[in-house]
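Q: predicted model and sequence below, questions to follow.
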Amino acid sequence: MHGPTILASKTHITLDLLGIVAFSSGIHVRLALTATGRAAERAHHETRSLSDPTDPDTRWSYLSVLLQLGSVAGEADPYLTRSGSPLKWGGVPAYRTEPNYWLGTCTRPHDIMISAGWPEIGLGPTCVTALLDASPSAVTSD
């Protein structure tokens, strides 16, 4: 297991790698995105289709994540997103989501590349590579 590590940090937005766990059947990646202020307001606006499916003006976007393990790569769809964030922290608009991703392949040792971004709220692309070492569930980060 590896984590937590800050992948990106700028005013009002932080993207954290909460953990990577390697199993014989695949890789589990956990991220967390925290936004405050205007970025949080934009995140709530971009994801309101999740909370208000009847809104006809809904535009939908979410944290975009690409995972690559060796020759296997693809856009990752989150599961168990845990977006139940408070609307305010200490009077400031806030948003937090903790998406989980599964890459159903695992060959060790290997690098896993995680690329993520959400330009609609002000988070440009960021990329990190971690090395899965030879032990059954250990991952180290560059």
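A: Looks like it came in fine.

Q: remind me which residues of the chain are low pLDDT?
A: The model of the chain has pLDDT under 70 over residues 1-3, 48-53, 55-59, 79-89, 106-109, 133-142.

Q: show me where it has strands.
A: Using DSSP state E, the strands found in the chain span residues 5-10, 13-23, 26-36, 64-69, 72-75, 88-89, 92-97, 100-103, 110-118, 123-132, 139-141.

Q: could you pull out the buried residues of the third one?
A: Neighbour counts using 16 or more other Cβ atoms under 10 Å place I27, H28, V29, R30, L31, A32, L33, T34, A35, T36 of strand 26-36 among the buried residues. C-betas here are computed from N, CA, C, even on glycine.

Q: show me the longest helix that occurs in the protein.
A: The longest helix of the chain (DSSP state H) is helix 37-46.

Q: alpha carbons of that one, as CSV, please.
A: Extracted in CSV, the C-alpha atoms of helix 37-46 (Å, rounded to 0.1, in the frame of the first residue of the first chain):
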residue,chain,number,x,y,z
GLY,A,37,-14.2,29.1,-2.4
ARG,A,38,-15.0,29.7,-6.1
ALA,A,39,-13.5,26.3,-7.1
ALA,A,40,-15.9,24.6,-4.7
GLU,A,41,-18.9,26.6,-6.1
ARG,A,42,-17.9,25.4,-9.6
ALA,A,43,-17.5,21.8,-8.5
HIS,A,44,-21.0,21.8,-6.9
HIS,A,45,-22.3,23.4,-10.1
GLU,A,46,-20.6,20.9,-12.4
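
Q: contacts for that helix, please.
A: 12-13, 33, 35, 59-62, 87, 92-95, 97, 118, 120-123 (Cβ atoms under 8 Å, 6 or more residues apart in numbering).

Q: who's in contact with the residue lying closest to R30 once chain neighbours are set aside?
A: If the residues on either side of it in the chain are set aside, R30 comes closest to L18, at 4.0 Å by Cβ to Cβ, 6 or more residues apart in numbering. Going by Cβ under 8 Å, 6+ apart, L18 touches G3, P4, R30, L31, A32, E98.
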